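1. With the sequence up front, the predicted model follows.
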Amino acid sequence: MYPESINNLIESFKLLPGIGEKTAERFAFAVLYMDSENIDIFADNLKNIQEKIRKCKICNNLTEKEICSICEDNYRDRETLCVVEDVKSVFLFEKMGMYKGKYHVLSGLISPLDGINPEDIGLGELLSRIDKEKFKEIIFAFKPSVEGETTALYIKKLLEDKNIKITKLASGVPMGAEIEYLDNLTLERALSDRKEIE
C-alpha cells in the first residue's frame, strides 16, 4: 500500500515493544514530515545508543563510561545493595529519589520453565561483589511473581553463611505487577516497608 521506504520504516517502528500497525504508521509519517536537521539528530541518537551505551563493569547499570555515575558516587550508602532484575528498575528508583544505596543489576530472574537457570542471570558477579564489598543489607527489588520469589530465595540460600541482613520490597506491590508500571507512592511505600526474608 505504501512506497517501500515508508513500509520499511513502519516495519522498523513495529519492532519496538507495544507499537502496533497504526502507531507505527503515525510515527513513520511524523518522521516523513520532519525537517532534515531533526532527521539527522534522530538518526545520530539511534546510532549513539548502539555505539556508546555499555554495562557498568561493577553493577551492570547502563553507562557511557566504564563505571556508571551511581558506582562512582562516593556520597552514596556503601553498606546497602539493592539487587534488581533489569536496568529499568534502577532508573525507576533513581527517579523516586528515595533510595541512596548501591545497585546490582541481574540479567533477569530464575525461570526454569523458560529455560533460565541461576547461572544465566549473572549470580557469579553478584556473589563476587558481595564478597569484595562490605554490605550490611541486601534488598531484593524484584517483581512480585513466582520467578521473583524463586530468585530471592535462591540468592538468600547462597548468602546464608554471611552476616548480612536480607530484605525484599514490602507486599504493597501486587503479585504479577511489573515494577515499571507502579506509581511512585506504591513503590516508595514498598521500599520503606521492606521486610526481612525469613
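-> That came in fine, so what should we check first?

2. what about the protein, any weak spots by pLDDT?
-> Scanning the chain for pLDDT under 70 picks out 171-177, 183, 185, 189, 195, 198.

3. now with 90?
-> Along the chain, the model assigns pLDDT under 90 to residues 1-2, 96-98, 112-113, 134, 143-146, 148-149, 161, 168-198.

4. Just the helices from it, written as ranges.
-> 4-13, 21-32, 36-52, 69-72, 87-96, 123-132, 146-158, 184-192 (DSSP state H).

5. Give the buried residues for the last one.
-> For helix 184-192, the neighbour count (16 or more other CB atoms under 10 Å) marks 186, 187, 188, 190, 191 as buried. No exception for glycine: its C-beta is placed from N, CA and C like everyone else's.

6. in terms of contact, does residue 143 touch residue 178 like I think?
-> Yes - with contact defined as CB atoms under 8 Å, residue 143 and residue 178 form a contacting pair (6.0 Å).

7. Please identify which of these two sits among more neighbours.
-> Comparing residue 143 with residue 178 by other CB atoms under 10 Å, the one with more neighbours is residue 143, at 24 against 10.

8. Please name the residues that touch the nearest residue to that one once chain neighbours are set aside.
-> Leaving aside its chain neighbours, residue 143 sits nearest to residue 179 (5.3 Å; criterion: CB to CB, 6 or more residues apart in numbering). Listed by CB atoms under 8 Å, 6 or more residues apart in numbering, the contact set of residue 179 reads 88, 89, 92, 141, 142, 143, 173, 187.

9. So this protein: which segments form each domain?
-> Per automatic domain parsing, the domain ranges recorded for the chain read 4-52, 73-196.

10. Just say which of the ones you listed is most tucked in.
-> domain 73-196 (a mean of 16; mean count of other CB atoms under 10 Å).

11. Just give me how far that one sits from the chain centre.
-> With CA atoms, centre = their mean, to the nearest Å as the basis, domain 73-196 stands 10 Å off its chain's centre.

12. Pretty sure residue 156 sits against residue 197.
-> Yes - with contacts counted by CB under 8 Å, residue 156 reaches residue 197, the gap being 5.3 Å.

13. anything in contact with each of those two?
-> residue 166.

14. I'd like the distance between residue 126 and residue 144.
-> Separation of residue 126 from residue 144 (CB to CB, to the nearest Å): 20 Å.
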